[in-house]
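Enquirer: heads up, no residue letters with this:
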C-alpha cells in the first residue's frame, strides 16, 4: 500500500455522514502513514429544506475548528468549507473559488503539504477549481455514481465531468456502467466497487455482544435493511411485503433522508434511525434476511450496493431488486444474491431465503465472498495502480522550456483578464447611471406644503469633503420657500466653524436674499445629523411647532428623516431637498453643448458611500 504521500480528497459526503467508502479509504491511507486532507462535500446540486440541518452543522463545525480545518485522527484532517451552495451559478463559483482556494493553499503551506495526490469523488466546477489551482503529483477520479441523474440536468454536469475524466491520471469506477462511460474518454479506468470493513464484523463475531435495545423486542423473523432511508428506496415494495406478510417485521436502520408516508401506519415496519458504523453488526446480526429494496432508475442502474458485502460479512442471505450491479455481482459470486424482479417475486425470494438460505454452507460462502471484497484488499489493489501511475508520470521527460513559457503565457492571460474586468467595472461605474440607481433609495423629495417652520441642515465639510460646500444652495432654497409663504420661520442648524460659525454665515446670506432677521433662528451646537435633529426638535417643541419643511441635500434625506421618525415622531416632516444640487449634478451637456458621457465623479461616489455608511452606523447606534 502507498506510504508517505500527501492526499487531498474532494468528497461527495461530509465526514460525519453515514460511514461509506469515502471515510474508509481515506482513514486507511492515513493509518498507513499518508497525510490526508479530507474536503467535505461542496455540493452537486442546489440545497433544499432537507439540507438545513446539514448546513447548520457545517457552519457549527467551521466555528468550532480553525477556520474550517480540524484534526480528526493522526495524519487525517477535515476541512469544512462554508461556501455559497449554488454549484452551477457562475457568480457563486467565482466567489467560492476565492473563498475556498486561499485557505487550502495557506493550510498546505503551513503543513508542508507539497505535491499532493488529488483524489476526487465530485465532478463539479468547484472541484475542478481546486484541481486546476493546485500543483499535484496525481489526479484520481473515483466515479461512484451517475451525477447526471442526481442533478436532474445532465448538461450541468456532463461538460465538467468529461473534462475531469480526460484530465485524470487514473479513474476508479464503481461498476460496469460507469466504467463504460469513463472508458470512452480515458484508457486508465478500472472497476472498483465499494468494499466492506471485514475486520469490524470479524471482531463482532469473536467478541461478546449485546442485542441493541431498540431491536431486542421486535418479533422474528426480521427482514432488515441498513443504509440511508432515501428516495431511491421502493417504499411501495416495502408496503406490499409488510401487508402480504404481517407475520414479518420490516426493520430499516439508517438516517431518514426523505418522506416515508408510503409506509406510515404499518405496525410491522420499524424505522430505527441512524447508527454509528461500529453498531451496524449488532443490528445486521438480528436480521433473518437482509434486503436491498431499491427502485430501478437511471441512477440506481449505476449503483453498487455496498451493504451486500456488509450483510454477507455476517453470513446473512440477501434479497435485492434487479439492479445491474447486483446481477454482475451474481455472475462473479455464484448467484449468492436472491433477486426479485416483481413485488410478488421479491416476497417469494424472501421466503426462499428464510427457508433455504440459512444453511451453514451458504453462510460460509457468503462470508468468503465478503472477505474477497474487503476494503483492505480493494485499497491494496488501488495502491498498486496509483504507484504505477506515479512511476509512469515521473518517467516522462520534463519539458522545462514549454513549462517555463507557459508560466508567462498564463501570467499574460491573467493580467489581460484583470485589465478587462477592471475596464468593465470602470465603465459601469463612471459611464452608466448605475451609481444613481443604487443611490435612489437615499433620495426622498416631496412637494412643499404649509408648515410651521423651515429647518435647514448645513453640510460642514459633509459628503463633499469641502469647506462650506452646499450651504449656499440650501439657504437660497429655504429663502425661496419662505418668500412663497410656506412658513414664517427658518432654523439654520450647524455646529461647524471655519473662521466664522456656519449658521452666522447662513443667516447673513438669507438676509441678503430677503429674509428678515426676525424670521431666523440659529442652532449652532450640532456636530452630526443626529444632533441636528435633536437640537432642532428642542426648538420646535419649545415653540409648539408640529410641522416643518426639511431642507438638505437630496441624498441626505433618508438618514435625516429617519432620525426625525425615531426621536421626534410627533413632528410632521416634508422632505424638500434642494432641487438642483451642484454637488450631485451629472450628465447633460457642457458649456459648448457637447453631451457629457461621464455620469459620476469620484467625489460623488464618496458622497453616496458616506451616506450609506452613515445609515449603517446610525442603525448600529440605534439612532434610526
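Expert: Here it is on my side, so go on. Keep in mind that this is a model prediction, so the values were computed, not measured.

Enquirer: I'd like the average pLDDT over the helix or strand where residue 481 lies.
Expert: Element membership of residue 481, judged by DSSP states H and E, is helix 471-483. Averaged over helix 471-483, pLDDT sits at 92.

Enquirer: What pairs with the helix or strand just after that helix, parallel or antiparallel?
Expert: Next in sequence after helix 471-483, counting helices and strands by DSSP H and E, comes strand 490-493. Here strand 490-493 is paired, per DSSP bridges, with strand 453-457 (parallel), strand 520-523 (parallel).

Enquirer: neighbouring contacts of the longest one?
Expert: By CB atoms under 8 Å, 6 or more residues apart in numbering, the residues outside strand 453-457 that reach it are 474-475, 478, 481-482, 486-494, 506, 529, 532, 536, 540, 543, 545, 547-552, 556, 560. In short, each C-beta sits where N, CA and C put it, glycine included.

Enquirer: Compute the inter-axis angle for that strand and helix 471-483.
Expert: 180 degrees (axes from the mean of the first three to the mean of the last three CA atoms, to 10 degrees).

Enquirer: How far away from the center of its chain is strand 453-457?
Expert: The chain centre lies 50 Å from the centre of strand 453-457; the measure is CA atoms, centre = their mean, to the nearest Å.

Enquirer: same thing with the shortest one?
Expert: Distance of strand 520-523 from the chain centroid (CA atoms, centre = their mean) equals 56 Å.

Enquirer: After it, which helix or strand is next?
Expert: Scanning onward from strand 520-523 (DSSP H and E), the first element met is helix 529-542.

Enquirer: Does anything pack onto the helix or strand that that next one is followed by? Which helices or strands?
Expert: Under the assignment DSSP H and E, the closest C-terminal helix or strand after helix 529-542 is strand 547-551. Here strand 547-551 touches strand 453-457, helix 471-483, helix 557-567, strand 572-575, going by 3 or more CB pairs under 8 Å, 6 or more residues apart in numbering; DSSP states H and E.

Enquirer: Deepest in the core, which of the ones you listed is it.
Expert: Comparing the helices and strands packed on strand 547-551 by mean neighbour count (mean count of other CB atoms under 10 Å), strand 453-457 ranks first with a mean of 27.

Enquirer: so where is the stretch 101-250 of the chain shaky, pLDDT-wise?
Expert: For the stretch 101-250 of the chain, the stretches with pLDDT under 70 are 148-156.

Enquirer: what do you get if the cut-off is 80, keeping everything else the same?
Expert: 146-157, 208 (pLDDT under 80).

Enquirer: hey, where'd the strands end up in it?
Expert: 117-120, 138-143, 170-173, 189-191, 222-226, 249-253 (DSSP state E, counting those that start in this stretch).

Enquirer: now swap in the stretch 351-500 of the chain and tell me
Expert: Assigned by DSSP E, counting those that start in this stretch, the stretch 351-500 of the chain shows strands spanning 453-457, 490-493, 497-498, 500-501.

Enquirer: quick one: which of those strands is nearest residue 446?
Expert: strand 453-457 (13.6 Å; CB to CB).

Enquirer: So for that closest one, mean pLDDT?
Expert: Averaged across strand 453-457, the pLDDT comes to 95.

Enquirer: angle of that strand against helix 557-567?
Expert: Relative orientation of strand 453-457 versus helix 557-567 (the same axes, to 10 degrees): 120 degrees.

Enquirer: secondary structure element for residue 37?
Expert: Using DSSP H and E, the element containing residue 37 is strand 35-39.

Enquirer: Kindly apply the preceding question to residue 9 instead.
Expert: strand 6-10.

Enquirer: That strand versus strand 138-143: what angle between them?
Expert: 30 degrees.

Enquirer: which strands and helices sit next to strand 6-10?
Expert: Applying 3+ CB pairs under 8 Å, 6+ apart, we find strand 6-10 packed against helix 21-31, strand 35-39, strand 117-120, helix 125-132.

Enquirer: Now do the buried residues in the longest helix seen in the chain.
Expert: With secondary structure taken from DSSP state H, the chain has its longest helix at helix 400-430. In terms of neighbour count (16 or more other CB atoms under 10 Å), helix 400-430 has its buried residues at residue 430.

Enquirer: Touching, residue 37 and residue 10? I think so.
Expert: No. Contact criterion CB atoms under 8 Å: residue 37 and residue 10 do not qualify, at 9.6 Å.

Enquirer: When these two are compared, which one has more neighbours?
Expert: In this view residue 37 and residue 10 are compared by other CB atoms under 10 Å, and residue 10 has more residues nearby, 25 against 22.

Enquirer: Report the contact partners of the more buried one.
Expert: Listed by CB under 8 Å, 6+ apart, the contact set of residue 10 reads 39, 42, 118, 119, 120, 121, 122, 127, 130, 131.

Enquirer: Now flag whichever of those is closest to residue 105.
Expert: residue 130 (10.0 Å).

Enquirer: Who does the residue nearest to the closest one when sequence neighbours are not counted form a beta bridge with?
Expert: Leaving aside its sequence neighbours, residue 130 sits nearest to residue 10 (CB to CB, 6 or more residues apart in numbering; 6.0 Å). Counting by DSSP bridges, residue 10 forms beta bridges with residue 39, residue 120.

Enquirer: ok so, going back, CSV for the contacts of residue 10, including distance to residue 431 and neighbour count?
Expert: Converted to CSV, the contacts of residue 10 look like this (distance: CB to CB, whole Å; neighbours: other CB atoms under 10 Å):
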residue, distance to residue 431, neighbour count
39, 42, 25
42, 38, 22
118, 43, 24
119, 48, 27
120, 43, 23
121, 46, 25
122, 41, 28
127, 38, 25
130, 37, 23
131, 38, 20
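
Enquirer: Export those residues as CSV, with columns for distance to residue 176.
Expert: Below are the contacts of residue 10 laid out as CSV (distance: CB to CB, whole Å):
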residue, distance to residue 176
39, 29
42, 28
118, 26
119, 22
120, 21
121, 19
122, 22
127, 24
130, 29
131, 26
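
Enquirer: Just the closest of those to residue 384, please.
Expert: residue 119 (15.4 Å).

Enquirer: Isn't that closest one up against residue 6?
Expert: No. The criterion here is CB under 8 Å, and residue 119 misses it with residue 6 at 11.0 Å.

Enquirer: how many other residues sit next to residue 106?
Expert: Residues near residue 106, counting by other CB under 10 Å: 12.

Enquirer: Spit out the contact partners of it.
Expert: By CB under 8 Å, 6+ apart, no residues touch residue 106.

Enquirer: what do you get for residue 428?
Expert: Residue 428 neighbours (CB under 8 Å, 6+ apart): residue 434.

Enquirer: do the one 3 residues further on as well
Expert: Taking CB under 8 Å, 6+ apart as the criterion, residue 431 is in contact with 597, 598, 599.

Enquirer: could you measure the first one against residue 413, distance?
Expert: In this case it means residue 597. Per CB to CB, to the nearest Å, residue 597 is found 30 Å from residue 413.

Enquirer: about what we covered before: quick one: residues in contact with the helix holding residue 481.
Expert: For helix 471-483, the external contacting residues (CB under 8 Å, 6+ apart) are 448, 454, 456-459, 487-488, 490, 492, 494, 502, 505-506, 509-510, 513-515, 519, 549, 551-553, 576, 578-582.
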